[in-house]
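>>> Show me the folded form of this:
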Amino acid sequence: MSWLLLALAVLLISGLLALLVQHRTVSVLAAGGVVAAAVCGSIPALRVLLGAPAESLRWNWAVPYGEFAVELDALSAWFVLPILFLSALAAIYGTEYLAGWRGKKSLGGATFFFHLLVASMLIVVLARNAVLFLVAWEVMALASFFLVTFEDEQESVREAGWIYLVATHLGTAFLLAFFLVLGRETGSLDFNQWAATGALAPGTAGLLFALAVIGFGTKAGFMPFHVWLPEAHPAAPSHVSALMSGVMIKTGIYGLFRALTFLGAPPLWWGWVLLGMGLSSGILGVLFALAQHDLKRLLAYHSVENIGIIALGLGLGLIGVSLNSPLLVLLGLSGSLLHVVNHALFKGLLFLGAGSVLHGAGTREIDHLGGLLKRMPWTGTTFLIGAVAICGLPPLNGFVSELLIFAGAYQGVIATGASAAWPGLAVIAGLALIGGLAAACFTKAFGIVFLGEPRSEHAMRAHESGWGMRWPMLLLAAGCAAIALFAPAVVRALVPVLAELTRSPLETVSSSLAPVMRILTRVVTATLGFVGLALLLAWLRNRLLSGRSVKMAGTWDCGYVQPTARMQYTASSFAQPLTHLFKALLRTRERLTRPAGLFPKAASLATETPDLCRGNLYAPAFQKVSWSLSKLRWLQHGNVQLYVLYIALTLLVLLLWKLR
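Coordinates of the predicted model:
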C-alpha cells in the first residue's frame, strides 16, 4: 500500500507544480510524474494479481461517519492497472497535443485537473468507506468537468460540460441513496462490514440493486443514462477523451461489481435487467455510432456499445449464480472483466488516433477527410489496429473477451435449463448483431477517413503527428496484440479476481477454467498459424513479382475523364442502407436540396441523427421540471430580510420535527 500512497503523492505534487509554474519543462516533468506514479502503483497491483494477500490501510480522521480506509484486493488491482497504464500514455500524448494552445490558454490548470482525475479514480477503486468513496467520486466528477470544458470559449463545449455535470450529479444522488440505505440496514458505512453482513431482505436488496444500476450505470454510460457521454467525449481534449472513455467510465463498472459483493445472492431478474441494458446499450450504441459524422462522437457511441458488452457478461454471470451454474458464472464474469481492460486499450488507442487526425488535419468531420493513410501512415495503421480490435476480430484482444462471453452464452444454452437457455440465445444473437454493425461502422470510419482521395483542403494539408503522440498509440496497439497473444496467461491472472467475487478457493476457480485455457491456447495457436501463413503468402507474392517490370495503363473510368473526390462514397452514403433499415430507431433527419433543371448547378443532402433518449426522454422531462419550478419565482423578491425569514422558518420546522 505504501507504493500506491507514493503514487498518489507524486500525482498531486506534480499536478500542483504544473499549476503553479507555467513552463513547458514543468509540463513535461508533470507528465513524467504520471508515468512515475504508474510504475509505483503497478507494483502492488501486479503483486496482488499474482497471488499476494490484499493490502490495506486505515487512518482515523475527523470527518463524521468516515475514515481514510483503503484496500488493494484483486478486484481493485484489476481496475488499477488499466487506470495507471492509460493515464501514463495519455499524459505523454497530451504534452505534445496541447502544445498548440501554449501561449493562448493556461495549460497549468488542465495539467493539474488531469492529475487530480487520475488520483481520484485510484481512490475510488481503493476506498473502503462510503464517505471516502463519495468524496473521491465527487472530485473525479469535478476534475473531469474542468477538463471537458477546456475550450470553454465555444458554446457547444460549455453546453456539453453542463450536461455532463448535471448527469453525473443525478447519478451521484442515486449513489447517495444507495449508501444511506445500506448504512441504515447494516449500522455502518464500512465496505468490509457490508460484505460480511448476512443476506438482506429481498425487497431491500432489490431496491439497492436498482439504485446501484442507475447510479453507477450513469457514470458507465448504460442506455438510457448515457446522454452525457456523446456530448462530453467529443468536447474534451483527445487525450482526456481517451482517459474518460477508456477508464473513467469503468469506475461505474467497478462500483457495480463492488456493490454486488454487498447484496448477497442475486435473484434471476437481476441478470435479466443487466442483459436488457446490455443489449439495448450495445445495439443502440453501435447504431447511433453508425449514423455519426463526427469521428469523436462516433467513438463516444461505441463506448456505450462496449459498456453494453461488459453488461452482457456480468448479466450472464449473475444468471449463472442464481441457477447454480459455476462455469456460466466464471465465463460471464471473466469475459466482462477482460473486456474492461481490452476496451481501455483499444478505445484509448482510437481516441488518441482521432486526436492525431484532428491535430494533423484540423477537423474531425469524417466527410471532410480522406486519403490520410498516405499522409499519416503511423496514425492510420494504429487506428486500423484499434478498429479491428473493437470489432472483436482475431488476432486482437477484443476477440478474446467476446469469445469468453460467447462461450458463456453457449454454456447457458446447452448445459442448463430454459431459464439460462433464453438469455444465452439473446446474448449470442445480440453479440452477433453488435459485431456485424461495428464492423460496418469502422469500415466506414477507416475507409472514409484514411482511404481514397482528400475531400477538402484540411485533408490535403494533413501531416503526421510527432513521436510524443505516436509512441502512446504504438504502445496501445502493441497491448491489443499482446493480450490476444498471451490470452491464456491473461485469463489466468483473473483467477484471484474471480475467486474473490464468487468467494471460492483459488484451486476451484483455476480447475474450472482449465478447459477454457486449453481452448484459448488452441485459438491463439490457430490464429498465429493463419497470421504466419498470410505473411508467408505476402512474402512469396512480393518475391515472385519482384523481377517483373511494372507497366502503367489507363483503366476504364466509367465515362468520367477527370473524376473528383466528390464522386467517392461519403459517410452518409456508405451507412445509408443500414441506417435506413433501422430508421424507426434512429429517426434520422434529412435536409435535401434536389437537382433542378436540365443542367442543375447545385444539389445537397445532409443528415442528422439526434440522440433518441435526449430528445424524447430527458428534454421533455427537464422542460416540465423547469416549468414547475418557474411557478415558485414569486418567492424571489431580492429582499434579504425575507430570505432570512425563510431560513428561520425552515430551522424552526426542523427543530419542531426533531423534538416531536
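>>> which helices and strands does the host helix or strand of Pro496 pack with?
Using DSSP states H and E, Pro496 sits within helix 495-502. Helix 495-502 sits against helix 24-49, helix 74-97, helix 326-361, helix 506-545, with contacts defined as 3 or more CB pairs under 8 Å, 6 or more residues apart in numbering; DSSP states H and E. Every residue, glycine included, has its C-beta placed from N, CA and C.
>>> of those, which approaches Val490 most closely?
Among the helices and strands packed on helix 495-502, the nearest to Val490 by CB to CB is helix 326-361 (6.8 Å).
>>> Can you find the helix or strand of the chain with the lowest average pLDDT?
Sorted by mean pLDDT, DSSP states H and E, the helices and strands of the chain end with strand 604-608, the least confident at a mean of 80.
>>> what angle sits between the helix holding Pro496 and helix 506-545?
Put simply, helix 495-502 runs at 140 degrees to helix 506-545, going by axes from the mean of the first three to the mean of the last three CA atoms, to 10 degrees.
>>> So what touches helix 495-502?
48-49, 51, 73-75, 77-78, 257, 260-261, 321, 326, 329-330, 333-334, 337, 504-506, 508-510, 513 (CB atoms under 8 Å, 6 or more residues apart in numbering).
>>> how about 6 Å then?
Contacts with helix 495-502, where a contact means CB atoms under 6 Å, 6 or more residues apart in numbering, come from 49, 74-75, 78, 330, 333, 506, 509-510.
>>> Mind exporting the C-alpha coordinates of that helix to CSV?
Output of helix 495-502 as CSV, limited to C-alpha atoms (Å, rounded to 0.1, in the frame of the first residue of the first chain):
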residue,chain,number,x,y,z
VAL,A,495,-8.4,-16.2,-11.2
PRO,A,496,-7.8,-14.2,-7.9
VAL,A,497,-10.5,-11.7,-9.0
LEU,A,498,-13.0,-14.4,-9.8
ALA,A,499,-12.2,-16.3,-6.6
GLU,A,500,-12.9,-13.0,-4.7
LEU,A,501,-16.2,-12.3,-6.5
THR,A,502,-17.5,-15.9,-6.2
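>>> got the angle between that helix and helix 24-49?
70 degrees.
>>> distance between helix 495-502 and the chain's centre?
Relative to the centre of its chain, helix 495-502 is centred 23 Å away, using CA atoms, centre = their mean, to the nearest Å.
>>> go on, stretch 149-169?
Using CA atoms, centre = their mean, the distance between the centre of stretch 149-169 and that of its chain works out at 18 Å.
>>> Name the residues of that stretch that come out as buried.
149-150, 157, 160-161, 163-165, 167-168 (16 or more other CB atoms under 10 Å).
>>> cool, and stretch 367-383?
In stretch 367-383, counting by 16+ other CB under 10 Å, buried: 367-373, 375-376, 378-380, 382-383.
>>> returning to that earlier point: so which of the contacts of helix 495-502 is the most crowded?
Leu330 (28 neighbours; other CB atoms under 10 Å).
>>> Return the distance of it relative to Ala77.
18 Å (CB to CB, to the nearest Å).
>>> related to what we said a few turns ago, let me have the helices and strands packed on helix 495-502 in TSV, adding mean pLDDT and distance to Arg492 as columns.
Converted to TSV, the helices and strands packed on helix 495-502 look like this (pLDDT from 0 to 100; distance: least, CB to CB, whole Å):
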stretch	mean pLDDT	distance to Arg492
helix 24-49	88	10
helix 74-97	94	13
helix 326-361	94	10
helix 506-545	87	7
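>>> okay if I get these as TSV plus distance to Ala289?
Listed next are the helices and strands packed on helix 495-502 as TSV, based on distance: least, CB to CB, whole Å:
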stretch	distance to Ala289
helix 24-49	30
helix 74-97	21
helix 326-361	11
helix 506-545	27
